[in-house]
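Engineer: What follows is a predicted protein model with its sequence.
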Amino acid sequence: MAGIYIHIPFCKKACYYCDFHFSTSFKIKNELISSINKEIYFRRDYLGIDEVKTIYFGGGTPSILNKKEIESILNSIYKNFRISNNAEITVEINPNDLTKEKINNYVDLGINRFSIGVQSFCDDQLKKMNRSHSYNDIIKCISLIKKKGLINFSLDLIYGLPNMSISLWQETLEQAINLSPSHLSCYCLTIEKETVFHKMLIDGSLKIDSDDIIKSQFLLMRKILISENFSHYEISSFAKPNFKSNHNSSYWRGEKYLGVGPSAHSYNGQNRHWNIKNNIKYIKAIDDGSLSFYEEEILTNENKINEQILMGLRTSEGVSKTKLFSMLTKKDQVKIQSKINDFESLNLLFSTEDRFSLTEEGMILCDKITSDLFLV
């Protein structure tokens with residue numbers, strides 16, 4: 001199984017928390033889409049003979065593209081790769097971008113999964129994040145999707161926002177549940193460098209809540225969503241039965257994927273590629289036919305071991321000891337097993353004969369536990 005990710009690096013506005021690569025100028029949009037199609041051709045051998053089972057349009061804001069633009073990219077993918085007949089094809093949507101015509105176009109093009117960037121139902125919070133949509137836009141967007149009879153849609157939400165009370169987070173979750181999504185992606189706010197929020201934090205105009213408050217929001221989220229029959233299958237991901245994100249799951253399972261477009265990452269089991277984060281330089285490198293639009297890292301055995309731990313611990317399935325230990329020396333097996341035992345005694349890890357995974361308390365400390373288990 002393999003996946004393809006397409007990064008569309010354009011947004012109407014710059015969200016204050018976002019550090020993804022994007023531009024608010026659309027002047028070179030046509031040239032960039034042409035370059036994406038050329039890159040798809042250049043990278044046609046990257047996934048070998050693997051069948052592509054997931055295609056994901058992310059960004060940025062892919063929902064700014066019109067039908068012809070998305071169709072041209074999909075045509076390039078189908079011409080150059082072997083695509084499964086029942087491939088999961090996802091597009092990320094800003095709520096205020098969706099129209100009846102656009103949803104019809106998506107369906108006509110074979111897109112069958114929708115990831116909607118809600119983030120919050122509170123207009124005041126949306127303004128503070130500099131989002132381009134409102135609560136009413138969210139309701140209209142979901143209504144259009146439901147009227148089309150579509151049920152495979154996900155909502156993105158953010159917790160840990162400044163001044164977000166427990167009661168407001170509970171209300172947010174309840175509002176989301178009432179819209180009947182098949183999937184929820186709930187991310188804890190992270191203040192990234194070079195974002196507006198980071199600058200506000202430095203100058204004192206932004207204050208973030210304590211770790212205890214954020215922990216309470218995480219635990220409340222689990223309690224409410226699990227009680228509503230959502231499976232918490234990855235740290236930030238909740239799904240109704242049979243509606244896990246196949247594309248994101250392939251990342252966590254360590255399967256191959258190709259990323260096209262500026263800043264997109266790729267992985268084929270042996271190395272990683274990442275494209276340059278500059279639209280103009282990307283276009284020029286592609287047009288010149290050179291390979292200077294990406295950098296490459298050949299993964300060592302240690303890299304592969306650490307990635308198994310990193311990705312596996314994010315999921316409810318956890319990490320296979322058999323698979324992991326087969327890559328380790330006897331000395332490192334003993335070392336990691338000792339650490340697993342220590343975390344288990346602290347009720348942070350749960351072990352079976354072949355697997356180890358995070359407990360609820362361990363999920364809160366996922367980053368620390370992961371880094372402690374890494375080979376260094």
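Structural biologist: In hand now; what should we look at? Numbering: from 1, shown residues only.
Engineer: Would you quantify the distance from I36 to Y267?
Structural biologist: Noted for I36: a distance of 19 Å to Y267, by Cβ to Cβ, to the nearest Å. Where you see a C-beta, it was placed from the backbone N, CA and C, and this is true even at glycine.
Engineer: now do I33
Structural biologist: 24 Å.
Engineer: Tell me which of those two has more neighbours.
Structural biologist: Comparing I33 with Y267 by other Cβ atoms under 10 Å, the one with more neighbours is Y267, at 23 against 20.
Engineer: Pretty sure W252 is one of the things that one touches, is it not?
Structural biologist: No. Using Cβ atoms under 8 Å, Y267 is not in contact with W252, being 11.9 Å away.
Engineer: what's the overlap in contacts for those two?
Structural biologist: Overlap of the contact sets of Y267 and W252 (by Cβ atoms under 8 Å, 6 or more residues apart in numbering) is empty.
Engineer: Not counting its neighbours along the chain, what's nearest the most centrally placed residue in the chain?
Structural biologist: Nearest residue to the geometric centre of the chain (Cα atoms, centre = their mean): N248, 6.4 Å. Leaving aside its chain neighbours, N248 sits nearest to S237 (6.8 Å; criterion: Cβ to Cβ, 6 or more residues apart in numbering).
Engineer: what's near enough to touch the one you found?
Structural biologist: H183, L184, S185, C186, K244, S245, N248.
Engineer: Verify the stated contact: the last one with I235.
Structural biologist: Just to be clear, that refers to N248. No. Using Cβ under 8 Å, N248 is not in contact with I235, being 11.3 Å away.
Engineer: how many neighbours does Q170 have?
Structural biologist: Around Q170 there are 15 residues (other Cβ under 10 Å).
Engineer: gap between it and L225?
Structural biologist: Taken as Cβ to Cβ, the span from Q170 to L225 is 11 Å.
Engineer: Next: L179.
Structural biologist: The value you get for L179 to L225, if Cβ to Cβ is used, is 13 Å.
Engineer: again with Y294
Structural biologist: 38 Å.
Engineer: tell me the mean pLDDT for the strand ranked longest in the chain?
Structural biologist: Criterion DSSP state E: the longest strand present in the chain is strand 83-93. Regarding strand 83-93, the rounded mean pLDDT is 97.
Engineer: That one: how far from the chain's middle?
Structural biologist: 15 Å (Cα atoms, centre = their mean, to the nearest Å).
Engineer: Who are the packing partners of that strand?
Structural biologist: strand 52-59, helix 67-80, strand 113-119, helix 246-252 (3 or more Cβ pairs under 8 Å, 6 or more residues apart in numbering; DSSP states H and E).
Engineer: mind listing what's buried in whatever helix or strand comes next after it?
Structural biologist: Using DSSP states H and E, the helix or strand that follows strand 83-93 towards the C-terminus is helix 100-108. For helix 100-108, the neighbour count (16 or more other Cβ atoms under 10 Å) marks K102, I103, N105, Y106 as buried.
Engineer: do stretch 78-95 as well
Structural biologist: Applying 16+ other Cβ under 10 Å to stretch 78-95 flags N80, F81, I83, A87, E88, I89, T90, V91, E92, I93, N94, P95 as buried.
Engineer: before we move on, what about stretch 208-221?
Structural biologist: I208, D209, I213, I214, K215, Q217, F218, L220, M221.
Engineer: Serialize these to CSV and add fields for distance to F356 and pLDDT.
Structural biologist: Formatted as CSV, these follow (distance: Cβ to Cβ, whole Å; pLDDT from 0 to 100):
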residue, distance to F356, pLDDT
I208, 32, 87
D209, 31, 87
I213, 29, 94
I214, 25, 94
K215, 22, 96
Q217, 26, 97
F218, 21, 97
L220, 26, 98
M221, 23, 98
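Engineer: Quick check: of these, which lies closest to L299?
Structural biologist: Nearest to L299 among these, counting by Cβ to Cβ, is F218 at 31.5 Å.
Engineer: before we move on, which element is that closest one in?
Structural biologist: Here F218 is assigned to helix 211-227, by DSSP H and E.
Engineer: Show residues contacting stretch 345-356.
Structural biologist: 317-322, 340, 343-344, 357-359, 361-362, 365, 369.
Engineer: Stretch 22-33 too?
Structural biologist: With Cβ under 8 Å, 6+ apart as the criterion, stretch 22-33 contacts 9-14, 59-61, 64-65, 69, 72-73, 261-262, 279-280, 282-283.
Engineer: And these, which of them are buried?
Structural biologist: 9-11, 59-61, 64-65, 69, 73, 261-262, 279, 282-283.
Engineer: Looking at the residues you listed, which are in strands?
Structural biologist: Per DSSP E, the buried ones among the contacts of stretch 22-33 map to strands at G59.
Engineer: Please identify which of the buried ones among the contacts of stretch 22-33 is nearest to I40.
Structural biologist: The closest of those, once distances to I40 are taken by Cβ to Cβ, is I73, at 7.4 Å.
Engineer: Show me how far stretch 201-208 is from its chain's centre.
Structural biologist: 27 Å.
Engineer: Tell me, how many residues neighbour the residue lying closest to L299 once chain neighbours are set aside?
Structural biologist: Distances taken as Cβ to Cβ, 6+ apart place N271 nearest to L299, at 5.9 Å, with adjacent residues excluded. As a burial measure, N271 scores 12 neighbours (other Cβ under 10 Å).
Engineer: now swap in L310 and tell me
Structural biologist: 18.
Engineer: And for G117?
Structural biologist: Neighbour count for G117, taken as other Cβ under 10 Å: 24.
Engineer: isn't it right up against E92?
Structural biologist: Yes. G117 lies in contact with E92 (Cβ under 8 Å); the separation is 6.4 Å.
Engineer: and the residue nearest to L65 when sequence neighbours are not counted, what are its bridge partners?
Structural biologist: Among residues not flanking L65 along the chain, I8 sits closest, at 6.4 Å (Cβ to Cβ, 6+ apart). Beta bridges link I8 to G59 when assigned by DSSP bridges.
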